[in-house]
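the sequence isn't on hand, but the structure is:
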């Protein structure tokens, strides 16, 4: 085969840079890169179709590195596509380098942040689904390790891919036998992988992952098979392939070669053609589909009736989805409870049934978001915890996903604690820059669903199972970061901040208290994060007692109460919090503590700042309005 | 077959009570119970071996209801074992009934709380593993629905069960075609289930789930097969079987029959023998294995050296596991990073390799805990988020599990954000009554690992990747809820509360500040939950400024800072929090809001309490020590 030599040279250069960059970094996973060097060399040389000047060209093939610890392989592959000078790889894992230990969005050629294993096939399935539904020409490739195939999410994704007939999805399994702490469950028993992927209705090709003839034959058949099945190329490989003293050896996971070992390894590789590059096939240029957001919703309500916010969410979403071509609606077999079934009826072409597999649903959403879609996914709020790690990684990926959790809190009633979302605000709220909304009536729901769609980034909306009365009139405004004072008088004694179902409990309490001549002010904190600091501070000043009671249908720690306490902390709290407030990065321990603002120098600065004000914190801004 | 009549009568009585109890409740999932009535009738009549007077008899067979919404089936089955009067089932789903919407621990015959789907096979695998390892005679049965087979965790569990050769585990799949919102992914294509379970190395029997001959034949073979494989009995069933007008019909998931429908249904069932009961086979009585906890650990440290707390955790755990026969150690292929590999070396018989499948690992732990074991499981803290829903359900199950998360915070360095646990305190902390510990040096680690094992309930311990200096001397005491003032002087200006890696940053800051004649007090809050309120209050009083700076390697929301703010809130916070502080239950919406203390009446009481004190909250207990 005339291309054999080329592929060998390309694979050698890949190996070189995976070794050189990790040795320069002093850490990393070179052996996990080396096992996949040959197969990716052929893929990029002969098949991969990509506009290197525009990673977001909608016709680009997609390469998802599910085994994120093989990041140097990814970085080398795109470097060899002339995306950047390969020498930049020597900054691997340094602070502010785009080449982090695992891929993150500042590296523009990564389809998703990976590094928590077993998520890539789902991301790829999301990418492939859009191509299938919208008749786009690209192929999606996913490179998985063998260790990560133990993650159940992989099998959720496999079901999803075959159910949705994603014959434009090719997963390459790098079966190198060795996981982090020992042999994988199946070692090199290739039949174990074959029988599983066959059972999940994949078209399966098993090959020697270092034999170029077998590689090219498998890739050729993968592209040209006639069926509707997704393809799995199961490649038997050797971890550390190409460097004899690490090949197939335990104890070399996640270890960089020392300088002298690197020298020896490069000697073994022999003559290297440093100038060889991939000559990528160019995809068709299509103008990026503009995807205007139209958030006009027409819904009318009857003042004498009650409505469940989950139901109104469904009605509003159905209209928004019809009017905004970028919206995709994802369900985990609860569409008749979350009311996304309304969108299924009106826009089936952008409704995606994921069945009871929340992890896959979330990562499919990461794939959709990557190519500019707006995935809106709903399940019971409690069951988003099933995908907490995927949501965490969606945040690292800077995905634009709207999560709508129904059945929040104890107010769901008879189904009991397994179905109650009571830790959801704590979890979503911990992730930096997320938005958390909880409308309490139909009018605010319609408005906030639109605000949610308009917002770029992760939004979590809580919807209620029980029906509630109308609290607002059409035309009232609701904003992210806003709140509404729903009851007040000139002689309020204190403020109750409520959200969702507890707004109505607070209103009822106010009526009861009024009978005893006690007036309270009530704020509907429909925006839990960010919370409406200014309104709450105003309330503190306006009431006789400087007190806000927060009431919420959520566990105590990490709920709205903690957001409110933090927001007005400078007004009266004794506690000054120093913690991590953004997504971190690769770097040295000291650099990262400094970058996060929690190192010794930051503490020194904070202490001096407080001391120089020469007042107890508790009196810095406190009135004495007794 | 002479038993046919009996099984028919038993199945009829099962059907009756599943229908009667849900109609009495006005909600529930009768049709999901009816599809499994025949197979469970035969199972309980002919095979199930159980000491009804002692659910914790270690030789009892185990019946795990993975499809937790079929709870009335479970309640009826044990009622028919004379565990209680069947008439009590009319309290189904009422406040304080032991018969909740989904099984919870106050129902003593449930092996685990279920209701979040796809977790039961893992729980059963945990139960079966102990029987296999400790040569106990019991068989574990798991009843799964078909909808839940879409959950990836099921396939993690399937791999686990066949890898560990759990030939004492029988999973019964109730393939009734209909999920909550429509048909399942595979409907009645039984081959789809067969090929998957075969591929995952189960012994598979496919039957008509309403044909008693086939049922008994499958159960007979399942008990008598010679191999090392777990068994899957795949039963084609009809949802709502036995009641013609709901049989195999969409739209009947999670709906109780109305009174007149119930009457019609009972008419259809015909004559019912209300007095028929299961005559269970009795297991051997063995005295419950006493499992003394011995937490003596002998480790010596060199003052001139540094140690990673994760490494010391591993050494301490190895000793504890040797001395305490109830401890099982579970790993998700990171044992060389978390250092549970030490326990593998010393106590392989109680080390359980779960590979990279955290969800299954957690639910296996629930099974171990159910029969009195103390599961200690470790992975990167970030990857416990993969099993957040399982941890949530472990808490509902009142499981006694020790979670040890390594690689917490940005201090891990080069691997980047995908590997950093930064939302773990928020999540574990939201769950009621959990304990969170974070030792910062070797001495405190050894002590706190022992405290963790002694404590009954969920404990989460954070361990550090980097090495740290010795801060404590042997013999110093560390308690859950404690803290240590690691630096103080008579003229401290304020207090820094730190935990883990930030203790050392704070100490360094103190040295720098001292050069400017600013003294600070430093508290090592190694117990994050509960936090040491009294010591912090004392510090507030003892320092010139009434101020505590909290510094932690965790995201801002939901971290240690929020625990500390909440703990000293009565001392100066303007915010009074009302939220859910315990695991809730089944009941009516109003009852549950009241039970949780967040309803109108509770708000009224709180407001009046504050008003009657006749002071601004901010001055209720505040000194003026400027």
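That came through fine. Computed from a prediction, not measured in an experiment: that's the story for all the values here.

element containing the residue nearest to residue A:478 when sequence neighbours are not counted, please.
Nearest residue to residue A:478 in three dimensions, chain neighbours excluded: residue A:447, at 4.0 Å (Cβ to Cβ, 6 or more residues apart in numbering or on different chains). Backbone N, C-alpha and C define where each C-beta goes, glycine included. Taking DSSP states H and E as the criterion, residue A:447 maps to helix A:442-454.

would you mind pulling the contact partners of the helix or strand following that helix?
Once the chain leaves helix A:442-454, the next helix or strand it forms, by DSSP H and E, is strand A:459-462. Outside strand A:459-462, the residues that touch it by Cβ atoms under 8 Å, 6 or more residues apart in numbering or on different chains are A:313, A:381, A:384, A:401-405, A:408, A:421, A:424-425, A:428, A:434-439, A:448-449, A:452, A:500.

tell me who's in contact with the closest residue to chain B within chain A.
For chain A and chain B, the shortest gap (Cβ to the nearest Cβ) falls at residue A:152, measuring 2.4 Å. By Cβ under 8 Å, 6+ apart, the residues touching residue A:152 are A:118, A:359, B:151-156, B:357, B:359-360.

widest-spaced pair of those residues?
A:118 and B:154 (14.7 Å; Cβ to Cβ).

just give me the residue right at the centre of chain A.
Closest residue to the average C-alpha location of chain A: residue A:394 at 0.6 Å, with Cα atoms, centre = their mean.

not counting sequence-adjacent ones, nearest residue to that residue?
residue A:366 is the one closest to residue A:394 (Cβ to Cβ, 6+ apart), at 5.1 Å.

ok, now residue A:235?
The shortest distance from residue A:235 to any non-neighbouring residue, by Cβ to Cβ, 6+ apart, is to residue A:209 (3.0 Å).

ok, the one you found - how many residues close by?
26 (other Cβ atoms under 10 Å in any protein chain shown).

check contacts around it.
By Cβ under 8 Å, 6+ apart, the neighbours of residue A:209 are A:35-36, A:38-39, A:174-175, A:215, A:235-237.

phi, psi for it please.
Torsion angles at residue A:209 (phi, psi; degrees, to the nearest 10) stand at phi -70, psi 0.

what pLDDT does it get?
With respect to pLDDT, residue A:209 scores 98.

residue A:164 touches residue A:125, doesn't it?
Yes. In this structure, residue A:164 is within contact of residue A:125 by Cβ atoms under 8 Å, at 7.4 Å.

those two: which is more packed in?
Higher neighbour count among residue A:164 and residue A:125: residue A:125, with 32 against 20, using other Cβ under 10 Å.

and the more buried one, what does it touch?
A:140, A:157, A:160-161, A:164, A:166, A:169, A:230, A:360, A:364, A:367.

so the nearest residue to it once chain neighbours are set aside: helix, strand or coil?
In space, and not counting its chain neighbours, residue A:125 is closest to residue A:161: 4.8 Å by Cβ to Cβ, 6+ apart. Per DSSP: H, G, I helix; E, B strand; the rest coil, the secondary structure class of residue A:161 is helix.

tell me which element the residue nearest to residue A:394 is part of?
Assigned by DSSP H and E, residue A:366 falls in helix A:358-370.

wait, residue A:102 sits on residue B:415?
Yes. When contacts are counted by Cβ under 8 Å, residue A:102 is listed as touching residue B:415 (6.6 Å).

whether the worst-scoring helix or strand of chain A on mean pLDDT contacts chain B - can you check?
Using mean pLDDT, DSSP states H and E, the weakest-scoring helix or strand in chain A turns out to be helix A:569-572, at a mean of 76. Yes. Helix A:569-572 comes into contact with chain B (Cβ under 8 Å from any Cβ of the partner chain), by way of A:569, A:571-572.

again, but for stretch A:500-519
Yes. Applying Cβ under 8 Å from any Cβ, one finds stretch A:500-519 touching chain B at A:501-502, A:505-506, A:508-509, A:512-513, A:516, A:518.
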